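Visitor: Have a look; sequence and predicted model below, questions after that.
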Amino acid sequence: MADMLVPQRQALLIKELETAGVLKVTELAARLGVSRDTVRRDLLGLEAAGRVTRVRGGALLAGSRTVRNPADGARSVVPSPTGSGQTVGLLVPSTDYYYPEVVAGVRAVAARRGARLVIGLTDYARPRDLERLDELGVAGATGLLVVTAEAAHLPAAALERLRRGGLPFVLVERRPQDVFAACEYVISHHQQGASTAVRHFAELGHERVGLFTNGSPTAPLVREGYATAVRRLGLAPGAPVVDSGHPTLGGGRATVLYDRFIADCRASGTLAALVHSDHDAIGMMRRMRALGLRPPDDLALIAYDDEISALADVPLTAIAPPKRELGELAAQLLLERLEAADPSGLPIRQLTLQPRLVIRSSCGAPGRG
């Protein structure tokens with residue numbers, strides 16, 4: 001290609017950059033069959049014309065930039081934003097429970113920063129995390145906010161898959177299984193939330209506190225916080241601990257489990273229970289009423305999630321994770337990294353937010369309703 005006219009050679013050079021994103025001078029010389037000095041001269045001319053941007057040892061198309069993944073240092077090329085700005089890809093397992101507030105937080109920050117938001121929906125029953133992440137990439141996402149459907153602690157293989165994707169990402173309500181992994185995340189401290197509920201019951205004079213969880217990725221964290229609190233507070237053993245095994249339990253199976261849990265509480269002298277989630281707490285309250293029982297007199301209840309707790313017949317005291325704030329902070333972290341002139345200068349941010357206790361009628365606290 002040495003005898004090729006300069007415009008022809010530069011056109012091929014542009015085509016190579018369009019395909020690869022960013023290339024070293026040595027790679028461009030090999031692809032075009034010319035010397036490195038020739039490539040450098042062409043790049044100087046193309047840069048002067050505003051068509052490429054030279055970087056150390058190579059070049060990329062003008063209007064593009066390199067983005068560094070904080071987890072492994074790998075760089076990928078993304079188009080510089082125009083119009084609405086960056087595109088945030090958000091993967092969530094539900095848009096009708098728990099996560100609407102998270103989505104609202106992300107949406108608010110994206111709107112303020114001029115970013116577009118695209119949402120991928122996975123599913124607790126049939127997780128399709130990887131497929132949906134690929135679709136978000138095809139939809140033009142320049143960065144990802146990721147809530148997987150399968151586990152609160154992301155396995156190493158799943159984390160590596162995200163890294164290989166090349167897009168900067170922030171985990172939301174998920175963190176790596178490896179506590180030392182270099183990965184940005186924003187999570188609720190669900191262990192602390194469960195501990196707060198158990199402590200509140202202890203302060204009300206309960207010596208035994210039961211636990212019912214719903215099999216979601218959050219359930220193991222709630223159980224961990226519950227067990228720690230029972231041990232540290234020296235509460236009496238023998239209170240029932242049940243996991244339904246499914247986050248969207250319903251129908252006859254739910255009735256059987258609720259009735260069994262209520263019966264085990266009464267048989268063991270347990271007069272208080274933490275129930276995850278709101279739907280389960282309301283379902284359990286319905287079964288108590290059918291059995292002639294009523295909270296808090298026969299069994300005091302605290303729900304976990306605080307999505308619809310206030311709407312129960314007896315308004316439910318609840319642990320409320322800061323869902324909207326989670327979305328806002330996660331979106332801020334991601335957009336700050338995407339918009340930074342030098343993303344490598346930013347530290348890895350790992351944020352943990354404490355859920356709060358919202359006291360209503362179902363726990364038996366005096367003077368609340």
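Guide: Great, that's in hand.

Visitor: Check which helices and strands the helix or strand containing residue 351 is in contact with.
Guide: Assigned by DSSP states H and E, residue 351 belongs to strand 350-353. With contacts taken as 3 or more CB pairs under 8 Å, 6 or more residues apart in numbering; DSSP states H and E, strand 350-353 sits against strand 185-188, helix 323-339. From N, CA and C alone the C-beta is placed, and that goes for glycine too.

Visitor: would JSON lines of these with mean neighbour count, mean pLDDT and distance to residue 31 be doable?
Guide: Formatted as JSON lines, the helices and strands packed on strand 350-353 follow (neighbours: other CB atoms under 10 Å; pLDDT from 0 to 100; distance: least, CB to CB, whole Å):
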{"stretch": "strand 185-188", "mean neighbour count": "23", "mean pLDDT": "98", "distance to residue 31": "40"}
{"stretch": "helix 323-339", "mean neighbour count": "22", "mean pLDDT": "96", "distance to residue 31": "30"}
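
Visitor: Rebuild these as TSV, extending it with distance to residue 286.
Guide: What follows is the helices and strands packed on strand 350-353, written out as TSV (distance: least, CB to CB, whole Å):
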stretch	distance to residue 286
strand 185-188	27
helix 323-339	25
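
Visitor: Quick one: closest of these to residue 98.
Guide: helix 323-339 (6.6 Å; CB to CB).

Visitor: outside of that closest one, which residues touch it?
Guide: By CB atoms under 8 Å, 6 or more residues apart in numbering, the residues outside helix 323-339 that reach it are 67, 70, 78, 86, 88, 98-99, 101-110, 113, 115, 142-145, 168-170, 172-173, 184, 186-188, 343, 346, 349, 351, 353.

Visitor: quick one on the thing from earlier: so which of the helices and strands packed on strand 350-353 is nearest residue 263?
Guide: Checking those against residue 263 by CB to CB gives strand 185-188 as the closest, at 31.7 Å.

Visitor: what helices or strands is that closest one leaning on?
Guide: Here strand 185-188 touches strand 169-172, strand 175-176, helix 323-339, strand 350-353, going by 3+ CB pairs under 8 Å, 6+ apart.

Visitor: Run me through the strand neighbours of the second one, direction for each.
Guide: Looking back up the chat, that one is strand 175-176. According to DSSP bridges, strand 175-176 forms sheet pairs with strand 153-154 (parallel).

Visitor: by contact count, what packs against the helix or strand just after the partner strand?
Guide: Using DSSP H and E, the next helix or strand after strand 153-154 towards the C-terminus is helix 156-164. The contact analysis (3+ CB pairs under 8 Å, 6+ apart) places helix 156-164 against helix 129-138.

Visitor: Tell me which residues are up against the helix it packs on.
Guide: 89-91, 118, 120-122, 144, 146, 148-150, 158, 161-162, 165, 167.

Visitor: list the buried ones in it?
Guide: By neighbour count on 16 or more other CB atoms under 10 Å, the buried set for helix 129-138 is 129, 132, 133, 135, 136, 137.

Visitor: ok, so of those, who is nearest residue 33?
Guide: residue 137 (33.1 Å).

Visitor: picking up where we left off before, a markdown table please, covering the helices and strands packed on strand 185-188 and showing distance to residue 39.
Guide: Output for these, formatted as a markdown table (distance: least, CB to CB, whole Å):
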| stretch | distance to residue 39 |
| --- | --- |
| strand 169-172 | 34 |
| strand 175-176 | 41 |
| helix 323-339 | 30 |
| strand 350-353 | 42 |
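
Visitor: what's the closest of these to residue 235?
Guide: Across these, closest to residue 235 is strand 350-353 (CB to CB), at 25.4 Å.

Visitor: quick check: mean pLDDT across that closest one?
Guide: The pLDDT scores in strand 350-353 average 98.

Visitor: Of all the residues in that strand, which ones are buried?
Guide: Going by neighbour count (16+ other CB under 10 Å), the buried part of strand 350-353 is 350, 353.

Visitor: Sheet-wise, list the partners of it with their directions.
Guide: Neighbouring strands of strand 350-353 in its sheet, by DSSP bridges, are strand 185-188 (parallel).

Visitor: Next, the buried residues of stretch 170-190.
Guide: 170-176, 181, 183-190.

Visitor: Residue 346 reaches residue 340, doesn't it?
Guide: Yes. Contact status for residue 346 versus residue 340: in contact at 5.8 Å, counting by CB atoms under 8 Å.

Visitor: Then residue 199 would be within a helix, right?
Guide: Yes. Assessed with DSSP: H, G, I helix; E, B strand; the rest coil, residue 199 lies in a helix.

Visitor: quick one: which of the helices and strands packed on strand 185-188 is nearest residue 203?
Guide: strand 350-353 (23.0 Å).

Visitor: Need the buried residues of helix 129-138 in JSON lines (columns: distance to residue 39 and pLDDT).
Guide: Formatted as JSON lines, the buried residues of helix 129-138 follow (distance: CB to CB, whole Å; pLDDT from 0 to 100):
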{"residue": "129", "distance to residue 39": "42", "pLDDT": "85"}
{"residue": "132", "distance to residue 39": "40", "pLDDT": "86"}
{"residue": "133", "distance to residue 39": "36", "pLDDT": "88"}
{"residue": "135", "distance to residue 39": "37", "pLDDT": "88"}
{"residue": "136", "distance to residue 39": "35", "pLDDT": "88"}
{"residue": "137", "distance to residue 39": "30", "pLDDT": "88"}
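
Visitor: ok, of those, which one's closest to residue 204?
Guide: Among the buried residues of helix 129-138, residue 129 lies closest to residue 204 (CB to CB), at 40.8 Å.
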